[in-house]
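# Okay, predicted coordinates and the sequence, questions at the end:
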Amino acid sequence: MDKIVYGNVIAQKVKDQIKVEIDQLKEEGKRLPHLVVILVGDDVGSKSYVAGKEKASIAVGMQNSTLRYEDTISENELIQVIQELNYDDNVDGILVQLPLPKHIDTNRVLFSINPDKDVDGFHPYNIGKMLIGEETVLPCTPKGIMKMLEEIGYDDLSGKKAVVIGRSNIVGKPIAQLLLNKNATVTITHSRTEDIEKTTSQADIVIAAVGVAKLVKGDWIKEGAVVIDVGVNRGEDGKLCGDVDFDDCIDKVKYITPVPKGVGPMTIAMLLENTLEAYRQREDK
Ligand SMILES: Nc1nc(=O)c2c([nH]1)NC[C@@H]1CN(c3ccc(C(=O)N[C@@H](CCC(=O)O)C(=O)O)cc3)C=[N+]21
């Protein structure tokens, strides 16, 4: 059914294009873009996401290094590693997989990344540029969502009401900003919001990014709305599921993204795009 927006299909198109560009660099005998992923500890989810990023970057022909550390590594040791990568001319992108262990101050670590190599778009310098509408690296998941909206012809959001569920730094806040930059009227709802469903049921676009399995039900959604599901949860049956009760919403929506095969693969494709872009900017300097 074409109301289901398959992120994996759009992501593949993006990756095919990146591969063409990297093949070209190879042919010219150039240095290849290099992504370094830092993984601390052995969280099962993080390990699987990092494996996905490794596989995808290799598939398009990039250099990839995944650095793995015990969760006993200190904050200063981690920052030391990042500083070395900042000065390594053969490194274009640095990604620190989140969440980090509790004894590490995540913001201090993210601030230590050279903003030119910040392929996650999490450095406050880049977040600030996004906020004021300057061209800059965009966080991968929000960027991937905007790309999906573009694909279904939702690139001008003038007059549209968008409701974001969740206010994380990596999805909720930045996606709200990007929607605003496209002229949507944006509402952010979260755990302290009363009657979330009253707000969502007026929305033309709902972005669910809270991490609560199947939270969003059919009666939360206006007839003909677009529903983007950012959740990655394990359901009661152990299967991967989103923040949206897909089966309950499908009859109401104009478009909906599935989980898996929705936003997740887009996140990885945007990471590769950001890495190639960081490479090009650095080569041009
Ligand atoms: N610094 C940082 N950057 C991130 O981008 C980041 C992070 N930390 N921490 C965790 C979240 C989560 N995330 C996902 C990426 C791909 C899929 C993905 O490809 N999912 C597949 C299925 C994978 C499976 O089957 O397990 C899908 O939805 O089809 C999901 C989730 C990136 N994150």
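Perfect, I can see it now. Residues are numbered from 1 along each chain as shown.

# would you list every one of the strands in this structure?
Assigned by DSSP state E, the strands in the chain fall at 34-40, 63-69, 93-96, 161-165, 185-189, 205-208, 226-229, 233-234, 240-241, 255-256.

# Just put the ones you listed in TSV and tack on mean pLDDT.
Shown next, in TSV, are the strands of the chain (pLDDT from 0 to 100):
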stretch	mean pLDDT
strand 34-40	98
strand 63-69	98
strand 93-96	98
strand 161-165	98
strand 185-189	98
strand 205-208	98
strand 226-229	98
strand 233-234	90
strand 240-241	94
strand 255-256	98
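
# Same list (these) but as CSV, adding distance to Ile22 and mean neighbour count.
All C-beta spots, glycine's among them, are computed from the backbone N, C-alpha and C. Shown next, in CSV, are the strands of the chain (distance: least, Cβ to Cβ, whole Å; neighbours: other Cβ atoms under 10 Å):
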stretch, distance to Ile22, mean neighbour count
strand 34-40, 11, 23
strand 63-69, 10, 16
strand 93-96, 13, 26
strand 161-165, 34, 26
strand 185-189, 36, 19
strand 205-208, 31, 28
strand 226-229, 29, 27
strand 233-234, 34, 14
strand 240-241, 30, 18
strand 255-256, 31, 22
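
# now the lowest-mean-pLDDT helix or strand in the chain: how far from the chain's centre is it?
Least confident helix or strand, the chain: strand 233-234 with a mean of 90, by mean pLDDT, DSSP states H and E. Remark: strand 233-234 is offset 17 Å from the chain centroid, using Cα atoms, centre = their mean, to the nearest Å.

# Packing partners of that strand?
Contacts defined by 3 or more Cβ pairs under 8 Å, 6 or more residues apart in numbering; DSSP states H and E place strand 233-234 against strand 240-241.

# Quick one: residues contacting Ala203.
Residues near Ala203 by Cβ atoms under 8 Å, 6 or more residues apart in numbering: Lys161, Ala162, Val163, Thr187, Ile221, Lys222, Ala225.

# dump the residue contacts of the first one.
Shown here is Lys161, whose contacts under the criterion Cβ under 8 Å, 6+ apart are Ala184, Thr185, Thr187, Gln202, Ala203, Asp204, Ile205.

# residues from the stretch 101-250 of the chain in reach of the ligand?
When proximity is defined as Cβ under 6 Å from any ligand atom, the stretch 101-250 of the chain approaches the ligand at Asp120, Cys140, Val232, Leu240.

# and of those residues, the nearest to Ala56?
For those, the closest approach to Ala56 (Cβ to Cβ) belongs to Cys140, at 11.5 Å.

# That closest one reaches Pro265, doesn't it?
No: under the criterion of Cβ atoms under 8 Å, Cys140 makes no contact with Pro265, lying 11.0 Å away.

# Okay, now the unreliable bits of this protein?
Applying pLDDT under 70 to the chain flags the ranges 1.

# And it, what are its domain boundaries?
Annotated domains of the chain cover 29-114, 140-263 [automatic domain parsing].

# Before I go, just wanted to say thanks for your time.
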